[in-house]
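*Asks:* just need the structure, nothing else, for what follows:
(chains A and B)
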Amino acid sequence: MFVTDIRKEFYDVVVNQRVALFVSPDIDALCACKVLQALFHCDQVQYTLVPVAGWQDLGTAFMEHKEQYQYFVLINCGANVDLLETLQPEEDSVFFICDTHRPVDVVNVYNDTQIKLLIKQDDDLGVPSYDDIFRDDEEDEEGDGDDSGNESDGSAEPSGKRRRYDEDALERRIERQRARREWEARRREILFDYEQYEFHGTSAALVMFELAWVMSKDTKDMLWWSVIGVTDQWVHDKIPHMKYVTDIATLQRHVSRHNHRNEDEENSLSIDCMRITFEYDLRLVLYQHWSLYESICNSCYTSCSFKLWSINGQKKLQEFLADMGLPLKQVRQKFNSMDMSIKENLREVIEESANKFSMKDIRVQTFAVNFGFKNRFLASDVVHAAAALLENVEKDEMPTDNFIKALDCLSRSNLERLHLGIDLAKKKLKAIQQTVASCICTNLILSQGPFLYCHLLEGTPDVKLFSKPLALTLLCKYLLKFSCVCVFCFIRSFFGRAFEKAAESTSSRTLHDHFDTSVIELKMEDRGKFLDALITLLS
Amino acid sequence: MPTENLSDKRMSKFKNKGKEPTKMRDRRIAECVELRKAHKVEGIMKRRNISSVGDEEPLSPEYNTDNKQVFVISEAIQEIVANVNNECPEKQRQGCQAARKLLSRERNPPLKEIVEAGLLTRFVEFLGRNDDPTLQFEAAWSLTNVASGTSWHTQQVVEHGAVPAFIALLASPMLNISEQAVWALGNIAGDGPSYRDALIDCGVIPALLARLTPDAPVGYLRNLTWTLSNLCRNKNPFPRFSAVQQMLPSIIQLLHHSDKSILSDACWAISYLTDGPNERIDVVIKTGVLPRLVELLGFEELAVVTPALRSIGNIVSGSDLQTQAAIDAGVLSALPLLMRHPKSSVQKEAAWAVSNIAAGPCQQIQQLITCGLLAPLVDLLRNGDFKTQREAVWAVTNYTSGGTVDQVVHLVKCGALEAILNLLQAKDAKTVLVILDAINNIFLAAEKLGEVDKLCLLVEEVGGLDRIEFLQNHENNAVYRAAQALIEKYFSEDGDDQCLTTEATDSNFVFGASDVQKRFDF
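*Replies:* From the prediction side, this is the model:
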């Protein structure tokens, strides 16, 4: 069921309990987790944090903790399957699910006792009404062959005795069966429509922040985390732009409230102060921690507009730089070391030239944070850094270690780690850029009718990097933009269901372990038949 | 030797070799009982299916709870009682019709309540009211439905004297009333052998047969056929010969009707009549029905094929002569199709029939080969469901024990050996024993040809030896002894000494046994 009063129905319930906290490996989940951890610390709630990478992990984690815990909090996992069916818990286990995955499984929605959904009701949920999909079935157990003598299949010995029915009764029964069949057909249709597309709802971090806010326990740190959570959804194309703008507006109100509060205390200039600002900034990744040139080359928006993989594109880039009137030397050196005079109105300069090069959307509403005087970070840059740490493949570290590191880099006391993450993110973005360029130059992107298909050959550099869902998502986003296709279909994706169907019909060996059902693992040998099935299914 | 004991036991299961035909039938009887039991449970389940929604007024809130429903019904019954006992014919008709409607609703008809309200006496009385056909009809229908309940319900109807009244009604000029009487009598006959025979004693058969005219409507004939089939049904005791003789010509006649439902019930009647000792089968064969039965095997409707095949299966489980009569009627050309029927229940019955033909003399086995039944048989061994495979295994064992050496060799060449070796993994110990028997038979044939080594090689090649060896761990004593005996006899290291003195094999055996006890006894 959906929780309407999150404080009463969730927080007040768990505050005196021990809680198991299962968190999915994505940045929004990490941020929600940070908010919740901060609240738990405040109230000295005992909890155990378990990162869960997929359904198998979740199952194992539950098995390990079900004896000691009654209350489970699931962040960004669990909403889109029938959780009770999946985990088979005891009747007293209670699950609080704060998950952006949509559609929410209908059984989860209508279970009143064990499933509590911490999901904002104003999201466009479109859950089918109870009566349309459930029905008290005791009256309908009748088999169709019976003692009236006309067994449907005819292989059974006739009955020794037969009762004569009323003609009306027979008609009524036929009518009832017909009505039931109609109802079932309608139910299938409704469920199909409901489950067909998957997408994401309001950021888990934002939901958690609003919990803190209604309890008047919100802090600037929490607010920053929820900013990162929402930004993550935008960076990884989980929500459409409109949704981003709406949520950003909500956040902005909180930001001004907090800033106002701080000014009163006259500590806005202290060395360890934290200041969040809402501003228009550029769609250039990590440019404040890189050189402007590298950033332009590795940002999706610019590199795609220029078509940088071609000679023509390189030329255009040069023209663009010339148009801005910035010396190449300045552009290529570290942003921090650029001339102050250039930096002063840099944003305006870039914007002006970008407009001429038909990049009208280079400006975007976002947030930045200042820690003391020196450190300034854009929310999207933090997302990239944390994602790079989370999916670090450089050393063979345990996924749990990566999880903890990514979680740590979000604390303001851990800026070193954040900088490490930024370095990793740069490598990752470069790798994506190179992969995309090579895919395009070698024609690896194939149009399969209803969808585009790209197969990274084993042995491609950085192929290991893309074995992780976030990096893969980002790669796909770049690929799609490069191929000049609207990204929208990714936000409401039908691939999840289609993948399932295709795998089922071809009995391909697949692993649907990710919480995002549009990411699956598939045996190499089954690729051919799987794709064939997918093409037929989607055309 | 343990194998010999075992084979004795098996022999007794074959219709001829063991000279104990009743044992063979055991399997069929047990199966029938099982079937019938399943039916009964189903019936009980249906009755237990309590619903809170009344059929008559589905929207009335009064039906919402069981208590209220009971209350409403008892009220309705009180009204019926008042009406039925009223002198006014109009009221009587009203009451009787209300009762009929209650008894005809789909869920929870108040059979018991109607009986306990003492209404049956009046209803039986109404059956005799030739002046009021509507009343007769409503009463007949009500009693039919009461008799369709449990044995207790049927007993109530009979004890209120309904049987003579219904038999009299058969002659009613009103077809719907006569038909209802046919139906009611069918329910009473279907209760079991004692009421069946009571009906026969009351002369139900001539009365029924009198209504069997060419111009009777199909619906009427369907009911009539079903009631006749119920009069042939059930054993302990069987219906007496004279009754069967009386009915058979009409049943054969119905067997040539074009209506599928009539055909189905007529076939079932034949299957009941053939499901007995050889004398019973003889009576049926003598009517010359076999060619028609074989023809019906080729029908598409499962409802016809199933009882026809059942009848044929019963007949070929009879004497060699009876089996031969079925073969002469062309059964063997119909069976391959049925063995490849999409329904596994049909495959199973067909395999059962084949297993009984294979238990005949080698001339009949030869006909199995000639008519091409071995290929589908091996297919069933490989791909049938387990029950079918079990019947097919029996066919192989019967075949190998009665067939000539050449015939056995032919069977092995068709792939039967490999198929049964694969089935040694079956969980069912009895089936495994039957297979081991077949293997033993095949080895005996190989011995006669002096090709034991070749056969050993073949068994080993297809992985059979591993399976047989594995069976020495079987928890079932008989299985492990049979497997062990096979290994000792044909697969022990000094297999060359095969034809040495019995002493040698004996000592070998003793050694083996002690060895086994050390390792496997639990």
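
*Asks:* residues in contact with residue B:276?
*Replies:* Residues near residue B:276 by C-beta atoms under 8 Å, 6 or more residues apart in numbering or on different chains: B:235, B:238. No exception for glycine: its C-beta is placed from N, CA and C like everyone else's.

*Asks:* which SSE is it in?
*Replies:* Per DSSP states H and E: residue B:276 is located in neither a helix nor a strand.

*Asks:* now do it against residue B:324, distance only.
*Replies:* 19 Å (C-beta to C-beta, to the nearest Å).

*Asks:* now do residue A:505
*Replies:* From residue A:505 to residue B:324 the distance is 52 Å (C-beta to C-beta).

*Asks:* now swap in residue B:106 and tell me
*Replies:* 50 Å.

*Asks:* how many residues are close by the residue lying closest to residue B:189 once chain neighbours are set aside?
*Replies:* Computed as C-beta to C-beta, 6 or more residues apart in numbering or on different chains, the closest residue to residue B:189 that is not its neighbour in sequence is residue B:230, at 4.0 Å. Counted with other C-beta atoms under 10 Å in any protein chain shown, residues neighbouring residue B:230 total 28.

*Asks:* the stretch 51-200 of chain A: strands as residue ranges?
*Replies:* A:71-75, A:94-98, A:101-102, A:115-117, A:199-200 (DSSP state E, counting those that start in this stretch).

*Asks:* and chain B, which of these is closest to it?
*Replies:* strand A:115-117 (29.0 Å; C-beta to the nearest C-beta).

*Asks:* need the contact partners of the closest one.
*Replies:* Residues outside strand A:115-117 that contact it (C-beta under 8 Å, 6+ apart) are A:1-3, A:9-10, A:79, A:83-84, A:94-97, A:99, A:104, A:107-109.

*Asks:* mind checking how far the spatially closest residue to residue A:95 that is not a sequence neighbour is from residue A:340?
*Replies:* In this structure, residue A:95 finds its nearest non-sequential neighbour in residue A:72, 4.9 Å apart by C-beta to C-beta, 6+ apart. In this view, residue A:72 and residue A:340 are 53 Å apart by C-beta to C-beta.

*Asks:* for residue A:479, same thing?
*Replies:* 38 Å.

*Asks:* these two: who's more crowded?
*Replies:* Neighbours around residue A:479 and residue A:340, counted as other C-beta under 10 Å, are more numerous at residue A:479. The numbers are 20 against 6.

*Asks:* residues in contact with the more buried one?
*Replies:* Applying C-beta under 8 Å, 6+ apart, the residues near residue A:479 are A:436, A:439, A:445, A:452, A:454.

*Asks:* filter the contacts of strand A:115-117 down to the buried ones.
*Replies:* Among the contacts of strand A:115-117, those classed as buried by 16 or more other C-beta atoms under 10 Å in any protein chain shown are A:2-3, A:10, A:79, A:83-84, A:94-97, A:99, A:104, A:108-109.

*Asks:* just put those in a markdown table and tack on pLDDT.
*Replies:* Listed next are the buried ones among the contacts of strand A:115-117 as a markdown table, based on pLDDT from 0 to 100:
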| residue | pLDDT |
| --- | --- |
| A:2 | 91 |
| A:3 | 91 |
| A:10 | 94 |
| A:79 | 92 |
| A:83 | 92 |
| A:84 | 91 |
| A:94 | 94 |
| A:95 | 95 |
| A:96 | 96 |
| A:97 | 96 |
| A:99 | 94 |
| A:104 | 91 |
| A:108 | 92 |
| A:109 | 91 |
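
*Asks:* show me these that map onto helices.
*Replies:* A:83, A:84, A:108, A:109 (DSSP state H).

*Asks:* wait, the first one touches residue A:94, no?
*Replies:* Going back to what we said before, that points to residue A:83. No - Residue A:83 lies out of contact with residue A:94 (C-beta atoms under 8 Å); the separation is 11.2 Å.

*Asks:* what about residue B:133, how many residues close to it?
*Replies:* 14.

*Asks:* same for the longest helix along chain A, what does it pack against?
*Replies:* Counting by DSSP H, the longest helix found in chain A is helix A:167-196. Where contact means 3 or more C-beta pairs under 8 Å, 6 or more residues apart in numbering or on different chains; DSSP states H and E, helix A:167-196 is packed against helix A:130-133.

*Asks:* check which helices and strands the helix it packs on is in contact with.
*Replies:* For helix A:130-133, the packing partners by 3+ C-beta pairs under 8 Å, 6+ apart are helix A:167-196.

*Asks:* look at residue B:355 and say how many residues are nearby.
*Replies:* Neighbours around residue B:355, by other C-beta under 10 Å: 25.

*Asks:* would you mind giving the secondary structure of it?
*Replies:* helix (DSSP: H, G, I helix; E, B strand; the rest coil).

*Asks:* which stretches in the stretch 401-522 of chain B count as helices?
*Replies:* B:405-413, B:416-422, B:429-449, B:452-461, B:464-471, B:477-486, B:502-520 (DSSP state H, counting those that start in this stretch).

*Asks:* now residue B:231. Nearest residue, chain neighbours left out?
*Replies:* Residue B:231 sits nearest to residue B:189 (C-beta to C-beta, 6+ apart), 5.1 Å away.

*Asks:* let me see the contact set for the one you found.
*Replies:* So residue B:189 contacts B:195, B:196, B:199, B:204, B:227, B:230, B:231, B:233 (C-beta under 8 Å, 6+ apart).

*Asks:* what would the residues you listed look like in JSON lines with secondary structure, distance to residue B:335 and pLDDT?
*Replies:* Compiled in JSON lines, the contacts of residue B:189 are given as follows (DSSP: H, G, I helix; E, B strand; the rest coil; distance: C-beta to C-beta, whole Å; pLDDT from 0 to 100):
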{"residue": "B:195", "secondary structure": "helix", "distance to residue B:335": "37", "pLDDT": "96"}
{"residue": "B:196", "secondary structure": "helix", "distance to residue B:335": "33", "pLDDT": "96"}
{"residue": "B:199", "secondary structure": "helix", "distance to residue B:335": "37", "pLDDT": "96"}
{"residue": "B:204", "secondary structure": "helix", "distance to residue B:335": "37", "pLDDT": "96"}
{"residue": "B:227", "secondary structure": "helix", "distance to residue B:335": "32", "pLDDT": "96"}
{"residue": "B:230", "secondary structure": "helix", "distance to residue B:335": "29", "pLDDT": "96"}
{"residue": "B:231", "secondary structure": "helix", "distance to residue B:335": "30", "pLDDT": "96"}
{"residue": "B:233", "secondary structure": "coil", "distance to residue B:335": "26", "pLDDT": "94"}
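
*Asks:* and those as JSON lines, adding distance to residue B:252?
*Replies:* Below are these laid out as JSON lines (distance: C-beta to C-beta, whole Å):
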{"residue": "B:195", "distance to residue B:252": "25"}
{"residue": "B:196", "distance to residue B:252": "20"}
{"residue": "B:199", "distance to residue B:252": "21"}
{"residue": "B:204", "distance to residue B:252": "19"}
{"residue": "B:227", "distance to residue B:252": "17"}
{"residue": "B:230", "distance to residue B:252": "17"}
{"residue": "B:231", "distance to residue B:252": "15"}
{"residue": "B:233", "distance to residue B:252": "17"}
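
*Asks:* now the two most distant members of those residues.
*Replies:* Maximum pairwise distance among these (C-beta to C-beta): 13.8 Å, between B:204 and B:233.

*Asks:* for the residue in the stretch 201-350 of chain B positioned nearest to chain A, what are its contacts?
*Replies:* Residue of the stretch 201-350 of chain B nearest chain A, by C-beta to the nearest C-beta: residue B:303 (3.2 Å). The contact partners of residue B:303, taken as C-beta under 8 Å, 6+ apart, are A:151, A:154, A:155, B:260, B:261, B:263, B:264.

*Asks:* which of the helices of the stretch 401-522 of chain B comes out lowest on mean pLDDT?
*Replies:* Among those, helix B:502-520 has the lowest mean pLDDT, at a mean of 35.
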